[in-house]
Each structure stands twice: as C-alpha cells, then as structure tokens.
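>>> Sequence and predicted model, in that order:
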2 protein chains.
Amino acid sequence: MHPLRKHIEELIILTDEEFDVVLSYFEPIQKRKHQYIVQEGDLVDKEYWILDGCLKSYFVDEEGKEHILQFGMENWWITDYESFIKHTPSKISIDCIEDSELLYITFENREKLTAQMHKMERFWAKKSKFGRIALQNRILSLLKNSAKERYDVLLEQYPQLFQRVPKKLIAAYLGVSRETLSRLQS
Amino acid sequence: MHPLRKHIEELIILTDEEFDVVLSYFEPIQKRKHQYIVQEGDLVDKEYWILDGCLKSYFVDEEGKEHILQFGMENWWITDYESFIKHTPSKISIDCIEDSELLYITFENREKLTAQMHKMERFWAKKSKFGRIALQNRILSLLKNSAKERYDVLLEQYPQLFQRVPKKLIAAYLGVSRETLSRLQS
C-alpha cells in the first residue's frame, strides 16, 4: 500500500479509485539537507507531506538567534498554515535537517480535491484539529517555565527525534543552552 | 438577525430554516464573574460561543502561578479543544473575567449537526484553521523573547482587551511583572 494511503487510512478509508484521484493531486519533490521549502516572506501555496526525512519550521530573531516552532518527520504535514490559508507572507522558514522526500499539494488543488471528495475534507478537518491540539500543547510547555517539563513533552511528542537531530537544534526548540540540555538528558 | 447567525454568516450563508436547525442544537448558559466553565481534570464535552462577556483559559503551575493561554470575548469560541476532541481530562481551566452569556453545543450534537449540514462542517473546519493560526502566532510571540513584541501582538489580536481586563491578567498572559507591563504601556 502507498505510504500516503496508509497514512490517510488511519483516519478515513478510501477505495482504490478514490486513492488514485487523491494521489493525482500531489507532486513529489526531493530536497537535500539544508535546502528550504519555505523562506520567510514567501507566499506559501503548498502543503507538504513528509514521505522520508526530517524538517524544521523556525524563525530567526533580530539578534540572529534561531527559534524552532516545530519539527516534522515521516507522515507529518508541514507548511506555514497562516500563509497557506490567509495568503499572507510567511513569518517563518522551513528547511530540511536531513535529505527529504516530500509530496506536496497546492492550495488550489486541495480546494478542488476537498470540493470533489467529502472524505478528504473530513480528513483535513481532523488533521487541522490535531494540529491545533499539538500547538496548544506547545504553548502549555512554553508557559511552564521548567526546561525539564519542556524536554519531557518533546520526548513524548517526537520519540525518534533525539536520535536524528543535532543537539543544538533540540536546544533551540527548548529555548535552553546546550549545557542545560546535557543536564536534562543525564 | 441573531448574533450567532451574523457570526456564522461571516463565513457561510444560511437560510432561515437552516439557522433554526443550527440554533436548535445550542443551549444558553449564564455565568457570573469568577465562575468556571471548565476546570482542570474535567472531561470537556461542550464548545462555547461567547454572546456577551469575557473569559480566560489558563493553567496554574506547581508554584501556584497562573499562566494565561488565551482570552475570549464576544463572537469567540472557547473550550479545551484537546479534551473536547480527544475525550481526555482537561489540562486547563476556563473561567469568566466578566459576567458572561454563552451558547454551548455538546460534542455529540456538533457531530450530528455537521453530519446533517455540510455547510456547518465547513464552518467549523474554517474556524479550526483560524484557531490553529492564532495559536501559531501565540507561539511565535512566546518564542520572541521581547516583552514589547508580545505586548504588540496582544494589542493587535485583542484591541478591546486593555479596557476590559485587569492589568494583572494581561501581565499573566505576557509572562511579565506588572511593573514591566506599565513600562510597555507608557
């Protein structure tokens, strides 16, 4: 079974014909480590599904410090949803931490597909709800000032991450120094 | 026109008959200042729409300090979406900053209504997308360490808030002391 179909069928069941239609709206794209899919200021008209690889969404503050909003790995969807939905310039950037294989769908095609296939409208509505919950938990973990709690939440949300991502990026996500991170891991 | 209809019709247009069906799924509830609609640990099965009043969602950390996740005023929807969607105990509390008039819909009735009326499914899907964007912006403002930037984002998002909410709550939302808040406002 195509991995995208397997992923979609965690929430809704598709016939072979329906999945062929769904897949026809997606395009594959390969990116190498350090390449971008979104740069700050872009008008983002694509949503990406990660077939293989690892990415990060982040912004750089006025002092040049990088703050990581989210990581994405296999089976995650990633884009700047504000730019994608409101057609405003992106406030964030997204780039590859590893060589990555992605499938993307344009905003226009997603609108066409959901108008044509109610099941896919339900699929994305559910995904949007789960995305909102993940962001709410990210906020709760940021508001709780303990770096230890933020570390535990990250470990729960992305168990594989610690094997795949450089420690300096994990520290940038948690908002702590590398020294503090080492202490949390010991 | 009923204020809920006016609110819904900012996104989708309903016939009189359709709005009567929608409204039949909602129940009114009145709460006084300081009363709760959600307490930490609750299984939340209602989503609330604010007809009149002002509420806050927040959690209290182990040291007893209150951290505000979001405010809600007229025309906002409020609940703990994680508990509402996943049926898990709420991690947050929601109470009234002012006497408030609310309309609520239960999870079960929202499922029935969206199954019966595709327009309302689209309405909530859009609302969920906008909620996700608001949360993403809350995260960006938390990651930017400047209290001034967090203040500016809050002022943009809730212009009326500064007239309606005690300064100590605004400070709790921004994660700053009242003294710092006074400096930001001068």
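Now that the structure is in, tell me what you want to look at. Residues are numbered from 1 along each chain as shown, chains lettered A, B, ... in the order given.

>>> now for the helix of greatest length in chain A, which elements pack on it?
Using DSSP state H to define each element, chain A has its longest helix at helix A:118-143. Packing partners of helix A:118-143 (3 or more CB pairs under 8 Å, 6 or more residues apart in numbering or on different chains; DSSP states H and E): strand A:66-72, helix A:107-116, helix A:147-157, strand B:66-73, helix B:81-86, helix B:118-143. C-betas here are computed from N, CA, C, even on glycine.

>>> Of all those, which one is nearest residue A:2?
helix A:107-116 (15.8 Å; CB to CB).

>>> Show the pLDDT at residue A:137.
The model reports residue A:137 with a pLDDT of 87.

>>> Oh, that last question was meant for residue A:92, not what I typed.
95.

>>> quick one: contacts for residue A:124?
Residues in contact with residue A:124 (CB atoms under 8 Å, 6 or more residues apart in numbering or on different chains) are A:110, A:114, B:125.

>>> hang on, residue A:102 packs against residue A:49?
Yes - counting by CB atoms under 8 Å, residue A:102 touches residue A:49, with 6.7 Å between them.

>>> Return the residues of chain A in contact with chain B.
Residues of chain A lying close to chain B (CB under 8 Å from any CB of the partner chain) are A:59, A:61, A:67, A:69, A:81-82, A:85-86, A:91-92, A:118, A:121-122, A:124-125, A:128-133, A:135-140, A:142-145, A:175.

>>> And the pLDDT at the most centrally placed residue in chain A?
In chain A, the residue lying closest to the centroid (CA atoms, centre = their mean) is residue A:78, at 3.2 Å. Looking at residue A:78, its pLDDT is 96.

>>> Surely residue A:110 touches residue A:25?
Yes - look at residue A:110 against residue A:25 with CB under 8 Å: they come within range, at 7.4 Å.

>>> quick one on the thing from earlier: where's the dip in pLDDT among the contacts of residue A:124?
residue B:125 (92).

>>> residues near that residue, how many?
19 (other CB atoms under 10 Å in any protein chain shown).

>>> Provide a list of residues in contact with it.
A:121, A:124-125, A:128.

>>> now swap in residue A:100 and tell me
A:30-31, A:50, A:52-55.

>>> confidence score at it?
98.

>>> Check the gap between it and residue A:30 for me.
7 Å (CB to CB, to the nearest Å).

>>> try residue A:123
25 Å.

>>> And for residue A:19?
22 Å.

>>> I'd guess residue A:5 is in a helix, am I close?
Yes - if the criterion is DSSP: H, G, I helix; E, B strand; the rest coil, then residue A:5 is within a helix.

>>> Could you find the closest non-adjacent residue to it?
residue A:19 (4.9 Å; CB to CB, 6 or more residues apart in numbering or on different chains).

>>> Which pLDDT value does the model give the one you found?
Looking at residue A:19, the pLDDT reads 98.

>>> where in chain A is pLDDT low?
Residues of chain A meeting the criterion pLDDT under 70: A:145.

>>> Report the contact partners of residue A:54.
With CB under 8 Å, 6+ apart, residue A:54 has these contacts: A:71-73, A:96-98, A:100, A:164-165.

>>> Which among those residues count as buried?
Neighbour counting by 16 or more other CB atoms under 10 Å in any protein chain shown classes A:71-73, A:96-97, A:100, A:165 among the contacts of residue A:54 as buried.

>>> Select, out of the helices and strands packed on helix A:118-143, the one closest to residue A:12.
helix A:107-116 (12.2 Å).

>>> Give me the buried positions along the closest one.
Quick answer for helix A:107-116 (16+ other CB under 10 Å): A:107, A:109-110, A:113-114.

>>> And for stretch A:77-88?
Buried, per 16+ other CB under 10 Å, within stretch A:77-88: A:77-85.

>>> All set now, cheers.
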